[in-house]
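J.: The amino acid sequence is not available; the structure is as follows:
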């Protein structure tokens, strides 16, 4: 008899089928992985089990947890089970905690609500749990507030909260997606050790095959509300009976075909660039301190080259990006694009601006929702003195759309009619329309599902050879950088710690930090990836 | 087709009834409100005088119609001043966030906010003389910081989005970005706040006229009608009841409209509706 037994779970919202015949079971001390892309229903499965489905949802089937059917019990009973028998961790650690309460109080609160302990004892247990997730008393007293913690530390507090009641099952919905790779590997290790020591079961929901393959005992692959393949992790990944599993697998390891035409002429030269931010004064008499976001960075990007810049959040890569785009003033050094100096401020020559464009990470905030696609992608024409108008503009827009694989009719649509991957295509069209020599890709594929990501990478590779474009590829995701760049720079706290040919750096990293990054990146098992 | 919220429909009907009445009053009223007819004073509501007559024998229904004109005109211009001055200030402050311009504008706003608005309005009209024009200016000044604040707040959150960055990469200046990208995206906020300020403007006009500092006789005004009827309320309550109800219903209508507009204009709610 397994701990949780789910049979024929069906969910529909306003008569649209969301989940169809989901059946699986989870045993004590087991890690069960659910993998799928966005919209596959993996989060809905979790919400269904917790009784947290949105309004208008209908759920049928059964989910037996210690002889109780989670789908049949009343909301009141469910409340006592939530947090008590089932704990849950969410993706976004920044919003998972209440900002106006101390971490100690938040962990203790669960215990008090469920009547497990009175206040003093609850705080004592909270302390134990925080120690357990690696937040020691000296550094993290109970009266710390969430804003004083980093993302990884907040996720640890969220985990402490979830395990405070010693639940039988822990559901983790993309618990590490918002975290840096090194933090991700620490959190994953923590989850694994918790499962082993506390005899919990863990349902790990993720889009990342590599994470699941390294952690889960059993795995279910979901697509459009159905489980298409399930079994032990080893079996699923070595046999891959279903086409979708194979597709997912090859997409996550996708290497776009590229034929780079490298020239020796430098396109972009960064010379000893320094960017400091003045911090607010601590007292009226003290001099304000400085935060050094970028410290003395130099590198060269050659024509036709794809250069990768990797680093974790807060390393200064975004500041550097904005400096290259002429949006940040520098305190030292200079940035030279094809012989012209890039200076921030209003005076930046549109002749220089015209040579570079940018694609941002978030396909949802990159576009003004009130403008049509045609207007959105023609915005960079503002930089031209003889802006095309009328039929000529129409042609340019059509060309840009066709180049990125969109339809000509799309010019009259609004951005909300497009999916994330299509929006990223629109963003590329916008960058491409004035034929720049350099496109800065700031985490441009990080928010996309693996199969969409593979398509966008292919598109980028194709455009690069077609228009002889150079890319500066900024990412925290090493596996993507590895597959699309010629050379790579590794950045840590404002400095470049290692640089070189991508293959060489990845095969034989020299700097400690690079080694650490590469080791922390979850990888699909080698013996499996060869089969694809 | 979006299903309109009931608050919007009901509020809209209330407000537009008064608006249409005010518009008709330009062309026609049941009787001339400037002609006194002492012989037929204090008439109760009847088929001839729907709302009765006042102490000078004027038709109250006609006076309410013309009064609506005064109230709405004063409030519209006052809100207009608030938007015309406050919105650019707010957008300007937001585009210079962290700069001294932002501080200067917002502290200036705080200064205006710190004064009790109605008392200052009374002061202004007392110093410069009671007139409709001065009432409008007085009410308008206090609308400025409201719109400056709300447009700055809305604009700040949009300035952080990536499409603003890409507009900057396209070489656009802050002014152009504010007009092209920020303004259309905070229009909802302004419309909703506009209806609320509108209703407050009507209340403020009534209050000023009540103390005799608003529109001057013989032009009818709801506040003035209330003030005049005060001493006669024991034997002719209808003199106070009708202008009172007019004020209440217009303000209620506008507030309900504001609520309803917020519901349909808020993109999050609109998305939830499908």
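T.: Perfect, I can see it now. As the structure is a prediction and not an experimental result, all values here were calculated from the model.

J.: Give the full set of residues in contact with residue A:267.
T.: Residue A:267 makes contacts with A:301-303, A:305, A:337-338, A:437-438, A:470, as judged by Cβ atoms under 8 Å, 6 or more residues apart in numbering or on different chains. Where you see a C-beta, it was placed from the backbone N, CA and C, and this is true even at glycine.

J.: do you know how far it is from residue A:61?
T.: According to Cβ to Cβ, to the nearest Å, residue A:267 stands 58 Å off from residue A:61.

J.: Mind pulling up the pLDDT for residue B:269?
T.: At residue B:269, the model reports a pLDDT of 51.

J.: Can you show me the helices along the stretch 51-200 of chain B?
T.: B:60-95, B:100-114, B:117-128, B:132-159, B:162-169, B:174-177, B:183-210 (DSSP state H, counting those that start in this stretch).

J.: The stretch 151-300 of chain A now?
T.: A:151-163, A:181-198, A:209-215, A:233-239, A:243-252.

J.: list the buried ones in the second one?
T.: This means helix A:181-198. A:181-188, A:190-192, A:194-195, A:198 (16 or more other Cβ atoms under 10 Å in any protein chain shown).

J.: ok, the contacts of residue A:267 vs chain B, which is closest?
T.: Nearest to chain B, judged by Cβ to the nearest Cβ, of those is residue A:438 at 11.5 Å.

J.: count of neighbours near that closest one?
T.: For residue A:438, the count of nearby residues is 23 (other Cβ atoms under 10 Å in any protein chain shown).

J.: Just grab the bridge partners of it for me.
T.: residue A:356, residue A:470 (DSSP bridges).

J.: before we move on, the earlier item: quick one, which of the helices of the stretch 151-300 of chain A gets closest to chain B.
T.: helix A:151-163 (18.2 Å).

J.: Pull up the per-residue confidence for the closest residue to residue B:38 other than its chain neighbours.
T.: Leaving aside its sequence neighbours, residue B:38 sits nearest to residue B:57 (Cβ to Cβ, 6 or more residues apart in numbering or on different chains; 5.4 Å). pLDDT for residue B:57: 75.

J.: How about the contacts made by residue B:57?
T.: The contact partners of residue B:57, taken as Cβ under 8 Å, 6+ apart, are B:36-41, B:43.

J.: From the buried residues of helix A:181-198, pick out the ones that also neighbour chain B.
T.: Of the residues in the buried residues of helix A:181-198, proximity to chain B by Cβ under 8 Å from any Cβ of the partner chain holds for none.

J.: rewinding a little: neighbour-wise, which of the contacts of residue B:57 leads?
T.: Greatest neighbour count in these, by other Cβ under 10 Å, goes to residue B:43: 18 neighbours.

J.: how near is that residue to residue B:98?
T.: When residue B:43 is compared with residue B:98 (using Cβ to Cβ), they lie 65 Å apart.

J.: do residue A:200 as well
T.: The value you get for residue A:200 to residue B:98, if Cβ to Cβ is used, is 47 Å.

J.: One more: residue B:162?
T.: The gap separating residue B:162 from residue B:98 is 19 Å, by Cβ to Cβ.

J.: next one: residue B:137
T.: In terms of Cβ to Cβ, residue B:137 sits 33 Å off from residue B:98.

J.: Comparing those two, which residue is more hemmed in?
T.: Taking neighbours as other Cβ under 10 Å, residue B:137 and residue B:98 compare with residue B:137 leading, 17 against 7.

J.: residues touching the more buried one, list them.
T.: Here residue B:137 is in contact with B:81, B:124 (Cβ under 8 Å, 6+ apart).

J.: where in chain B is pLDDT low?
T.: Applying pLDDT under 70 to chain B flags residues B:1-2, B:266-274.

J.: Tell me the residues of it that contact chain A?
T.: Applying Cβ under 8 Å from any Cβ, one finds that chain B approaches chain A through B:161-163, B:165-173, B:180-181, B:184-185, B:267.

J.: Just list whatever residues bridge to residue A:12.
T.: Under the criterion used (DSSP bridges), residue A:12 bridges to residue A:17, residue A:58.

J.: pLDDT wise, what is it at?
T.: 88.

J.: who's in contact with it?
T.: Residue A:12 sits in contact with A:18, A:57-58, where contact means Cβ under 8 Å, 6+ apart.

J.: Rounded mean pLDDT for stretch A:36-56, please.
T.: Mean pLDDT, taken over the full extent of stretch A:36-56, equals 85.

J.: got the buried residues for that stretch?
T.: A:36-37, A:40-51, A:53.

J.: Which two among those are spaced furthest apart?
T.: Greatest spacing in the buried residues of stretch A:36-56, by Cβ to Cβ: A:37 and A:51 (25.1 Å).

J.: quick one: residue B:22 and residue B:68 touch, right?
T.: Yes. The pair residue B:22 and residue B:68 passes the contact test of Cβ atoms under 8 Å, sitting 3.9 Å apart.
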